[in-house]
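# Here is my input, please return the structure:
(one chain, ligands or ions: 3)
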Amino acid sequence: MPATVVVGCQWGDEGKGRIIDLLAEQADYIVRFQGGANAGHTLIDRHDRQVILHLIPSGILWPKKICVIGNGVVVNPAKLVEEINSLQQAGYLKDQSQLWISDSCHLVMPYHLILDGLEEEARGSDKIGTTLRGIGPAYMDKVARCGVRMADLIDEQRFLQRMTNILPSKQKLLKQLYNHAGIDEQKLIDEHLQYGEQLAAFVRQVPPLLNTAYASGKNLLFEGAQGCELDLDHGTYPYVTSTSTLAAAAIQGSGIGLKSIDRVLGVVKAYTTRVGGGPFVTEEHSEIGNQLVDKGKEFGATTGRKRRCGWLDTVQLRQALMLNGMDGIILTKLDVLSGFAKIPICVAYKKNGTTLEQMPTSITELAKVEPVYEELPGWDIIRDEIHTFEDLPKNARGFVRRIEELLEVPIVIASVGPKRENYLSHSGRPFSPFSGL
Ligand code: GDP
Ligand code: IMO
Ligand code: MG
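Ligands and ions are numbered 1, 2, ... in the order given. You can find the predicted model right below:
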């Protein structure tokens, strides 16, 4: 009956999706619990096709697993219908009972998308660099209690009543504050009533179903989106997303009981990337940064933006481990570091001659610190056919061991390529997230 939460430890795009796809084999339920279509989780299916998921959990390539969109996720119904259709066209999600959408999910509405863009423009040089997926405005409305939920969308009368209450103030906001032309209300209503019809079959009251599944011995896997430093409370505010991205959010965002979470695993990319604005201590502005972009194919799965790249930062990672209470780490993209003569790891920060062991909360302070690097020797290549840590080149083994020492947490899987089978474990068999580490 174990439940395991898997979250990103950096600024997102650590490879959470492909890891969930690997671990999902041993799960019965795979649950998203926060974020929205700002997430872009890339999987490679058994036909070598790239599948990018924004809202649907990354267990969907397994035919018998139930994928759940929990109440903490903000759902753009148009995007979700599009994602369902494209999965079905690719031969997945044939059985509708494979996807549950919580009736309590808040919706990302067309005015949220417009407002995301207008608010970004208004920030001028202080732009956050959002994904423009309407995430901030949708969560704002949830908190302000003027949001629309999935339960409203599938009930025509309720939806119309909700729109009558909400649309006038949105029109006023768009037109009077932003000088925008406003939204076509009839078009919005007609389209959304149609989405409601298309999605109704998937909508469920999730908490009783999930808690019963857990009590009856099923394996639950919770899939985080974004990463620790994009957390609304603990990340590099205001350059963050609008939800908690930590493991704790799995409880609030799904309705599972607090005591039901048995294990927390963190996904760590072997170097660091970030999309959008905000401080990034180990960022490489030199040719090295471009090499990481090229070798790691570091372009956003949601917006196509080039990701900012730099070396691994264990000061930042120690904060992520502390905030999440991590039991183990899954290290991804180790293959991308092959071919570098030296591989720096940031082990501390320095400011005005003083060594800092913690990440400062203030982003102005964070922007002033310098990374203190320890340099490890590199390795040439990681062969495709290896499946255990012991078979790694000596220096790659040393790199993995040094990270474990610095972070004081075991690395339970390392990935060495984007496909499901491109992973290493201690035994050579898929690591079980539902039994001992
Ligand atoms: P997520 O948002 O955390 O799920 O990560 P993304 O899917 O946005 O970005 C990770 C990218 O790295 C994707 O393009 C993956 O296909 C790719 N990837 C994941 N693991 C590995 C790996 O071990 N090696 C290589 N070379 N690519 C990987
Ligand atoms: P996955 O799940 C990387 C970043 C945006 C921006 C900030 C706020 O694929 O790891 P938002 O649209 O959420 O208001 O943008 O957060 N961001 C991500 N960066 N991966 C993601 O998701 C992200 N989701 C949001 O680039 O800096
Ligand atoms: Mg991503």
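# Now do stretch 277-288, average pLDDT.
What stretch 277-288 shows for mean pLDDT is 96.
# Show me what it is in contact with.
Residues from elsewhere that reach stretch 277-288, judged by Cβ atoms under 8 Å, 6 or more residues apart in numbering: 11, 126-129, 236, 239-240, 272, 274, 289, 292, 308-313, 315-316, 346, 349, 363, 366-367, 369-371. For every residue, glycine as well, the C-beta is placed using N, CA and C.
# can you do 7 Å?
By Cβ atoms under 7 Å, 6 or more residues apart in numbering, the surrounding residues in contact with stretch 277-288 are 127-129, 236, 239, 272, 274, 289, 292, 308-311, 313, 346, 349, 363, 366-367, 369, 371.
# Just the buried ones out of those, please.
The neighbour count (16 or more other Cβ atoms under 10 Å) marks 128-129, 236, 239, 272, 274, 289, 292, 308-311, 313, 346, 349, 363, 366, 369, 371 as buried among the contacts of stretch 277-288.
# picking that back up, among the contacts of stretch 277-288, name the ones in strands.
272, 274, 308, 309, 310, 313, 346, 349, 371 (DSSP state E).
# For these, give me a markdown table that also has distance to residue 191.
Below are the ones in strands among the contacts of stretch 277-288 laid out as a markdown table (distance: Cβ to Cβ, whole Å):
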| residue | distance to residue 191 |
| --- | --- |
| 272 | 40 |
| 274 | 35 |
| 308 | 36 |
| 309 | 39 |
| 310 | 42 |
| 313 | 44 |
| 346 | 48 |
| 349 | 49 |
| 371 | 49 |
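# From the structure, what's the count of residues near the residue in the stretch 1-150 of the chain positioned nearest to ligand 2?
Residue nearest to ligand 2 within the stretch 1-150 of the chain: residue 12 (2.5 Å; Cβ to the nearest ligand atom). Residues lying near residue 12 (other Cβ atoms under 10 Å) number 32.
# Could you number the chain from 827 rather than 1 from now on?
New numbering, starting at 827: the last item is residue 838.
# and the gap between the nearest residue to residue 1174 once chain neighbours are set aside and residue 1181?
Spatial nearest neighbour of residue 1174, chain neighbours left out: residue 1198 (4.2 Å); criterion: Cβ to Cβ, 6 or more residues apart in numbering. In this view, residue 1198 and residue 1181 are 7 Å apart by Cβ to Cβ, to the nearest Å.
# between these two, which one's more packed in?
Applying other Cβ under 10 Å to residue 1198 and residue 1181 shows that residue 1198 carries more neighbours, namely 15 against 11.
# For the more buried one, give me its contacts.
Neighbours of residue 1198 in contact, by Cβ under 7 Å, 6+ apart: 1172, 1173, 1174, 1175, 1176, 1181.
# let's see it at 10 Å
Neighbouring residues of residue 1198 by Cβ atoms under 10 Å, 6 or more residues apart in numbering: 1141, 1170, 1171, 1172, 1173, 1174, 1175, 1176, 1181, 1182.
# Quick one, grab the pLDDT at the second one.
With respect to pLDDT, residue 1170 has a value of 98.
# Please verify my assumption that it contacts residue 1140.
No: taking contacts as Cβ atoms under 10 Å, residue 1170 lies outside contact range of residue 1140: 11.0 Å.
# Is stretch 840-850 positioned near ligand 3?
No: using Cβ under 5 Å from the ion, stretch 840-850 stays clear of ligand 3, coming no nearer than 6.8 Å.
# so how far is that stretch off the chain centroid?
Stretch 840-850 has its average C-alpha position 11 Å from the chain's average C-alpha position, going by Cα atoms, centre = their mean, to the nearest Å.
# what's the neighbour count on the closest residue to residue 836 other than its chain neighbours?
Counting by Cβ to Cβ, 6+ apart, residue 1053 is the residue found nearest to residue 836 once chain neighbours are left out, at 4.8 Å. Here the number of neighbours of residue 1053 (other Cβ under 10 Å) works out to 29.
# Return the distance of residue 1053 relative to residue 1166.
From residue 1053 to residue 1166 the distance is 23 Å (Cβ to Cβ).
# which neighbours do residue 1198 and residue 1181 share?
Shared contacts of residue 1198 and residue 1181 (Cβ under 10 Å, 6+ apart): 1173, 1174, 1175.
# got the contact list for the last one?
By Cβ under 10 Å, 6+ apart, the residues touching residue 1175 are 1107-1108, 1139, 1141-1142, 1181-1186, 1191-1192, 1194-1198.
# Now intersect these with the helices, please.
Residues from the contacts of residue 1175 lying in helices, with DSSP state H as the criterion: 1141, 1142, 1191, 1192, 1194.
# got the contact list for the first one?
Contact criterion Cβ under 10 Å, 6+ apart gives 1107-1108, 1172-1175, 1182-1186, 1195, 1197-1198, 1232 as the residues in contact with residue 1141.
# and stretch 856-863, does that touch ligand 1?
No: using Cβ under 6 Å from any ligand atom, stretch 856-863 stays clear of ligand 1, coming no nearer than 10.0 Å.
# Within range of ligand 2, give me the residues from the stretch 827-976 of the chain.
By Cβ under 6 Å from any ligand atom, the part of the stretch 827-976 of the chain that sits against ligand 2 consists of 834, 837-839, 864-867, 954-957, 959, 961-962.
# If we only consider these, which is nearest to residue 1259?
residue 834 (15.5 Å; Cβ to Cβ).
# Tell me the predicted confidence for the residue in the stretch 977-1126 of the chain that ligand 3 sits nearest to.
Residue of the stretch 977-1126 of the chain nearest ligand 3, by Cβ to the ion: residue 1126 (7.0 Å). Residue 1126 is assigned 90 on the pLDDT scale.
# try residue 1091
pLDDT, residue 1091: 97.
# what residues are up against the closest residue to residue 863 other than its chain neighbours?
Sequence neighbours aside, residue 880 is the residue nearest to residue 863 in space, at 4.0 Å (criterion: Cβ to Cβ, 6+ apart). Counting by Cβ under 10 Å, 6+ apart, residue 880 touches 858, 861-867, 902, 905-906, 908-909, 957, 959, 1051, 1127-1128.
# Also residue 944?
Residue 944 makes contacts with 937, 963, 999, 1000, 1003, 1004, 1005, 1006, as judged by Cβ under 10 Å, 6+ apart.
# So it belongs to a helix, correct?
Yes: counting by DSSP: H, G, I helix; E, B strand; the rest coil, one finds residue 944 located in a helix.
# What's the separation between it and residue 1241?
Distance, residue 944 to residue 1241, using Cβ to Cβ: 39 Å.
# Check residue 1208 too.
Between residue 1208 and residue 1241 the distance is 10 Å, computed by Cβ to Cβ.
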